[in-house]
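# Below are the sequence and a predicted model; questions follow.
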Amino acid sequence: MAKITLDNLAHSYLPAPKTEDDFALKELNHDWTDGEAYALLGASGCGKSTLLNIISGLLIPSQGRVLFDDKDVTTAPTADRNIAQVFQFPVVYDTMTVRENLAFPLKNRGMDAAEIKRLVQKVGAMIDMESQLDRKARGLTADAKQKISLGRGMVREDVNALLFDEPLTVIDPHMKWELRTQLKKLHSDFGHTMIYVTHDQTEALTFADKVVVMHDGRVVQIGTPQELFERPAHTFVGYFIGSPGMNLFDAEIDGTQAKIAGTTVDLGGAYVAAGKTQIGVRPEFIRLGSNGAGIPATIKRIEDVGRHRIVRLDVAGTEISAIAAEGEAVASDTNCITFAPEGVNVYVNDWRIAASGEGAS
Ligand SMILES: Nc1ncnc2c1ncn2[C@@H]1O[C@H](COP(=O)(O)OP(=O)(O)OP(=O)(O)O)[C@@H](O)[C@H]1O
């Protein structure tokens, strides 16, 4: 396994990029720790594949370097990087049996037959295809073929990194959960460095130790699922992660207080804010009140989503969301909201700022 260093990395598909907007991947400096599982998460077109292709060697970046364990591999071809890749759609040899498909990368490396047999059996069990190892891949469903692709990616224990590009797209929902759990187990058993590209927050949050959130060609935050939930570094992270996403309130800030929709709110810390200022509060941290002591709000509708209810409210013409836990009453005369202090984040020009005295976010 390898540590992956992205040093001053950026990429433009244009021959002579002039401004930052010309870069599909904006400058990035980061060490990805040996043996960690990362998810690259973001909406379509944000630059996930561009970054993955640079790491895998399909694309040479227009700026900066990629290092595997301090060895510069920026221009090295994919074959020389000792990585395993699983793509969105299955890549399977139809005329070979499932066993032969799984054994292929091991045979290529000249591994002895007994060791190949052991590893193929193990991976066959992991992807739940033990009973089908000796049948031809031709005629299998797309779902089954993708399981073979995943198995082939996971069968080698000596790779520098395992790269997955939206690998569960064609897998049925039940099996998705199963395979994600298997991948996580594989990670804890073998400690592979894994990079998993997805636009699905559930996949990212359940799979990864660290989630790399990308927006508009930029890495906006790298953090644990808990960090992304509690302290979103950018308004995009707040909005993209969580269901519903974080509420944003335009605010004017003066020290420890903010003015939102004409109401003064205590922030629980002192802030110095210049620029477009917003308060971000996740729906889990909005409290409903009926005594007028808070920001004026009226209920528009209540959605029952099973384990809890989502209360949609109007605050000064903007819709915001609150979550009412199971069993928690929602008063029909609700007329205001307040914030749980631990759920308040302050943003200037979309980036989170810390309260004075708060540690680095
Ligand atoms: N070969 C290319 N030539 C020119 N522009 C490209 C090329 N590949 C990607 N782009 C552009 O670079 C930006 C980032 O694309 P990229 O495919 O990396 O995003 P993504 O997050 O992987 O999206 P998706 O999930 O849809 O694959 C997009 O604006 C895209 O149009």
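Arrived safely. Nothing here was measured: the structure is a model prediction, and the numbers come from that model.
# Which positions in the protein make contact with the ligand?
Within reach of the ligand by CB under 6 Å from any ligand atom, the chain has these residues: 13, 24, 42, 44-50, 199. Yep, even glycine has a C-beta here, placed from its N, CA and C like the rest.
# Just the buried residues out of those residues, in PyMOL syntax.
Buried residues within these, by 16 or more other CB atoms under 10 Å, are selected in PyMOL with:
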select buried, resi 24+42+46+47+48+49+50+199
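# Save the residues of the chain next to the ligand as TSV, and put in pLDDT, secondary structure and distance to K145 too.
Shown next, in TSV, are the residues of the chain next to the ligand (pLDDT from 0 to 100; DSSP: H, G, I helix; E, B strand; the rest coil; distance: CB to CB, whole Å):
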residue	pLDDT	secondary structure	distance to K145
Y13	98	coil	31
A24	98	coil	31
G42	95	coil	27
S44	92	coil	24
G45	94	coil	27
C46	95	coil	28
G47	96	coil	29
K48	95	helix	23
S49	93	helix	21
T50	96	helix	27
H199	91	coil	22
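# if we take the residues of the chain next to the ligand, which one ends up nearest to R138?
For those, the minimum distance to R138 (CB to CB) is 29.3 Å, reached by S49.
# That closest one contacts V197, correct?
Yes. Contact status for S49 versus V197: in contact at 6.8 Å, counting by CB atoms under 8 Å.
# Now do the shared contacts for the two.
D165 (CB atoms under 8 Å, 6 or more residues apart in numbering).
# for the helix ranked longest in the chain, packing partners?
The single longest helix within the chain, with elements called by DSSP state H, is helix 173-190. Other helices and strands packing on helix 173-190, by 3 or more CB pairs under 8 Å, 6 or more residues apart in numbering; DSSP states H and E, are helix 142-154, strand 194-198, helix 201-207.
# Go through those and pick out the most buried.
strand 194-198 (a mean of 26; mean count of other CB atoms under 10 Å).
# Report the inter-axis angle for that one versus helix 142-154.
150 degrees (axes from the mean of the first three to the mean of the last three CA atoms, to 10 degrees).
# Strand 194-198 pairs with which strands?
Strand 194-198 pairs in its sheet with strand 37-41 (parallel), strand 161-165 (parallel), by DSSP bridges.
# now those as TSV including mean neighbour count?
Listed next are the strands paired with strand 194-198 as TSV, based on neighbours: other CB atoms under 10 Å:
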stretch	mean neighbour count
strand 37-41	25
strand 161-165	24
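# so which of the ones you listed comes closest to F207?
Closest of those to F207 is strand 37-41, at 5.6 Å (criterion: CB to CB).
# which residues are contacting the closest one?
With contacts defined as CB under 8 Å, 6+ apart, strand 37-41 is touched by 32, 48, 51-52, 184, 187, 192-201, 203-205, 207-214, 222, 240-241.
# Pull it out as PDB, backbone CA atoms only.
Only the C-alpha atoms of strand 37-41 are listed here, as PDB (Å, rounded to 0.1, in the frame of the first residue of the first chain):
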ATOM      1  CA  ALA A  37     -10.300   4.600   2.600                       C
ATOM      2  CA  TYR A  38     -11.200   7.800   0.900                       C
ATOM      3  CA  ALA A  39     -14.400   8.700  -1.000                       C
ATOM      4  CA  LEU A  40     -14.300  11.400  -3.600                       C
ATOM      5  CA  LEU A  41     -17.800  12.900  -3.400                       C
END
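# Okay then, goodbye and thanks.
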